[in-house]
Structures are given as C-alpha cells and as structure tokens.
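Peer 1: build me a model:
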Amino acid sequence: MTGSEELAHRFEEHRGHLEAVAYRMLGSLSEAEDAVQEAWLRLGRTDTDDIQNLGGWLTTVTGRICLDMLRARTARREEPMGDTQDTVGAFVPDPVLQSLSHIDPAEEVLQADSVGLALLVVLENLTPDERLTFVLHDMFAVPFDDIAPIVERSAAATRQLASRARRRVRGATPSNEPDLGRQKQVLDAFLAASRAGDFEALVAVLHPGVLLRADSGALVRGAAASKLVRGAKAVAEQALMFAPFTRSAELVLVNGSIGMINAPEGRIQSVMGVTIDDGRITDMYILADPERLERLAAPGGRGVTAPDR
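Peer 2: Residues are numbered from 1 along each chain as shown. This next block holds a predicted model:
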C-alpha cells in the first residue's frame, strides 16, 4: 500500500464521524458531504508527519470548514431581500430517513442517539460560533482548548460561549415522546383523521399551541409556500387542505423518530417529522423542497433508507 493509499484508508475510517459532525453543524446532508470532502482535500495539502492525532485534526478542520459555511449562510440571510422572516423561520433541515420495516426492538436503543429535527431547528437559531462550540464540545467532547483557536477566543471565553449556547438549546428544544410505539399511535391517529377529513379528530391529536414549519425551498418560496402555522385549528385546516396526498403517505423513521413520507410511485414529494408530548403533536416539520427531496430515494414498498449518521 502506497503512502497516499494508506492516508486515504485512514481518512475513510473517520468519514462517518466527520459526516456526523458536519450534519449537526449544517443541517444539510449535501453540505455535510461537501465539508468532509474539503477536509480530505486539506489533508492532502498538509504534511501529515506533523499530525499526532489524525481524528482530532480532521474533526477540528471539518468544524472550521463548517463554521465558514455557516458564516456565509448567515451573511446571505442578512442581505435585504424583503420580508423573509417567515420563510427563514420555516427552514427544515435535511432529514435522515430509515424504513420502519428495517427496525427491530434491539435497534430502538440505537435510534435514541439520533439527532432529531427539533434540535437541528434550534441549532439554526444559534450564532455560527455558538453552534460550532456546542456541537464540538457537547456532542463530540472536543476540549475547549482545541475549539478556542477555531472561534478565535480564549479557552475561558469559549467555555462561556458553550454555556450560553447550552442554555439556549435547553430552553428552546421541545420534549419528545421517546417510545416509538406511542409515537406510531399518534401518527396513525393523525393519518386516519386526515384521510377521513375529520377536523375535530385532527384538532384532538394536535397540541393547542402546535407549530407547523413547511419548507418548500427556494423554487417556490416566492409563492409563499414556505410558512409557519400556529395553533391546532389552523394546522388542522392545513392538514385537511392536503388530505388527498395522505393516501400515499407512509410511516418511516425521520431522524430516529416516527414520521412520514408522501412518495407516490417511489418519488418523494414531502417528508414530515414531528415532536410528540403527552400523546399530542406539538411540532411538525414538513420538507417539500423539490431540489432537496430529489436526492432522497424511496424503495418501492420498503420505505426509505439512508446511511447512518
């Protein structure tokens, strides 16, 4: 094995971890892959004799790449483009999908480690530096001394940054029913009420303060298709408007929790994740962005599969 082949092999050993870091940083599967690819290119331009801990080096380099991407994204959002508050607030991260038919009770414990859409939405509201510090330290146990140079702060200031991010995350992340069986009961009830056109049954399965985020992407945002909808009655009305599409809906795992896809003839038209508390849906996250959805595959009759992240 040549030196370059050995380096590529060692990099591949860390790829899954790096993609997990980048996905939590960016909330985008394609951008996460781009960030990891850039880390590989930077490794190729670096004298590896000076790298004592390759995994740690790659993690911090990937974090720095993601931080630059987040800062660029934030700058674009701050450019004056009219009233974009609702469409930005309606952003739904890329979902990681798995078929329910591939899950057995022994694997349910592993699903508890998945990062939920609710947390990813909360992370979107952090500053780029807060997000990097929280993800690297709280999710991947990277020492503050290693994070500090990335955010150009002292270790003590970086610790304070993480503490502030942690408070914001804890205060904004909704509770979610951990039992997949109970989650499925609620989603089954939602689907049944939608298909029957039963408004009262829909309202009953929704929390009074339920918040719906519908992200239809840049292609249709001009038509105000991306939106935030609050309240059980308003969300139930939206559900009834799209009730015909639920006939082809299928329950799947969305970031480790029960959700659903609408995929007639195997082509995904929308993905919905939810958070559930005390038997009712408190938050709904619908991704209907054609550009992002076309990257996902739905095997016929078997749900959706995606790499573990």
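Peer 1: what's next to stretch 239-247, contact-wise?
Peer 2: The contact list for stretch 239-247, computed with Cβ atoms under 8 Å, 6 or more residues apart in numbering, reads 190, 191, 193, 194, 195, 197, 199, 202, 262, 269, 270. Any C-beta I mention is one placed from the backbone N, CA and C, and that applies to glycine too.
Peer 1: so how do I select the buried members of these in ChimeraX?
Peer 2: This is how ChimeraX selects the buried members of those, with burial counted by 16 or more other Cβ atoms under 10 Å:
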select :190,191,193,194,202,262,269,270
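Peer 1: so which of the contacts of stretch 239-247 comes closest to residue 152?
Peer 2: residue 270 (40.8 Å; Cβ to Cβ).
Peer 1: so who does that closest one touch?
Peer 2: 245, 261, 262, 286, 287, 288, 293.
Peer 1: any idea of the pLDDT on the third one?
Peer 2: Same thing as residue 262. Residue 262 is assigned a pLDDT of 91 by the prediction.
Peer 1: wait, doesn't it sit right on residue 252?
Peer 2: No. Using Cβ atoms under 8 Å, residue 262 is not in contact with residue 252; the gap is 10.7 Å.
Peer 1: element containing the nearest residue to residue 126 once chain neighbours are set aside?
Peer 2: Take residue 126 and drop its neighbours on the chain: the residue closest to it by Cβ to Cβ, 6 or more residues apart in numbering is residue 165, 5.5 Å away. In this assignment (DSSP states H and E), residue 165 forms part of helix 155-172.
Peer 1: if you count contacts, what does that helix end up packed against?
Peer 2: On a contact count with 3 or more Cβ pairs under 8 Å, 6 or more residues apart in numbering; DSSP states H and E, helix 155-172 meets helix 117-124, helix 128-133, helix 144-151.
Peer 1: for this protein, which strand is longest?
Peer 2: When the chain is parsed with DSSP state E, its longest strand is strand 206-215.
Peer 1: just grab the bridge partners of residue 271 for me.
Peer 2: Assessed by DSSP bridges, residue 271 has beta-bridge partners residue 261, residue 287.
Peer 1: neighbours around it, how many?
Peer 2: Residues near residue 271, counting by other Cβ atoms under 10 Å, number 28.
Peer 1: that one contacts residue 94, doesn't it?
Peer 2: No. The criterion here is Cβ under 8 Å, and residue 271 misses it with residue 94 at 9.2 Å.
Peer 1: give me the common contacts of those two.
Peer 2: residue 287.
Peer 1: tell me who's in contact with the nearest residue to residue 157 once chain neighbours are set aside.
Peer 2: Leaving aside its sequence neighbours, residue 157 sits nearest to residue 148 (Cβ to Cβ, 6+ apart; 7.5 Å). Residue 148 is in contact with 154, 155, 157, 158, counting by Cβ under 8 Å, 6+ apart.
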